[in-house]
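Visitor: Would you be able to build a 3D model of this:
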Amino acid sequence: MTPFKIRMHLASLLRRIFSRRFLKFGTVGVSGIVVNQGVLYAMQEHVFHVSAAAGQVDWLLLNISLAAAIFLATLNNFFWNRLWTWKDRVELHHRPWLVQFGQYTLSCGLSIALQFVFTNLLAPHVYYLIANFIAIGVTSVLNFLLNDIWTFGRLKLLHKHEPPKEG
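Guide: Predicted structure coming up:
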C-alpha cells in the first residue's frame, strides 16, 4: 500500500471517529454506562450482598454481575443506536432486528471481552465500578468503528443482490 493510500485510510478513519454520529454513539454509550454500572452495582451490593469494604474480590460473583450488566447495557445501546445513531441508514431497516442484534453483539464481542479483562485486571487495585468505567472507556472507540462499518454500515457480508440472469 502506498503512503498516499495509507494517509487516505487514516483520514477516513479519523473522520469517522470525530463525526456527529460518534457524538450520538457517545450519548447512547453514556446511557449504556448508566445501565451497566447500575446493574453491576445492584447485583454486587443487593443481589449478592458483596461488601466492597471487605477488600477482596469474589471473582465468580463479579463476573456473573458483569455479564448481566453487559448484556442489559448491550441491549439498551443496540436499540438506541438503531433508532437514533444510525436511523438514517434506511437500507438496513429491512433486516429483522434480531439478525441485526446478532451482528451488533458479534461486533461488540471484542469490546465485551476486553471489558471483562480490563475490569478483572483493575478490580483488585481500584473500586470495581471505577475499574469497569475505565474498561468501558478503553473499548468504546473500537466498538464504534466495528458497528459503524458492519452492523449499521454499508458492508454487506450476508449476501449480494445479483441482477436476474437473462436468457
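Visitor: Just the residues contacting stretch 18-35, thanks.
Guide: Around stretch 18-35, the neighbours that count as contacts under C-beta atoms under 8 Å, 6 or more residues apart in numbering are 16, 69, 72-74, 76-77, 80-81, 84-86, 133, 136, 140, 144, 147-148. Any C-beta I mention is one placed from the backbone N, CA and C, and that applies to glycine too.
Visitor: Mind doing that once more with 10 Å?
Guide: Stretch 18-35 has contacts (C-beta atoms under 10 Å, 6 or more residues apart in numbering) with 15-17, 36, 69-89, 132-133, 136-137, 140-141, 143-145, 147-148, 152.
Visitor: Ok, stretch 139-146 next?
Guide: So stretch 139-146 is contacted by 13, 16-17, 19, 21-22, 25-26, 29, 32-33, 74, 77, 81, 85, 103-104, 106-115, 117-118, 136, 153 (C-beta under 10 Å, 6+ apart).
Visitor: May I see the buried residues of the helix or strand of the chain at the bottom of the mean pLDDT ranking?
Guide: Ranked by mean pLDDT, DSSP states H and E, the weakest helix or strand in the chain is helix 3-17, scoring a mean of 77. Burial within helix 3-17, assessed by neighbour count using 16 or more other C-beta atoms under 10 Å, is assigned to R16.
Visitor: again, but for stretch 18-28
Guide: Under the neighbour-count criterion of 16+ other C-beta under 10 Å, stretch 18-28 has R21, F22, K24, F25, V28 buried.
Visitor: what is the mean pLDDT for it?
Guide: For stretch 18-28, mean pLDDT is 88.
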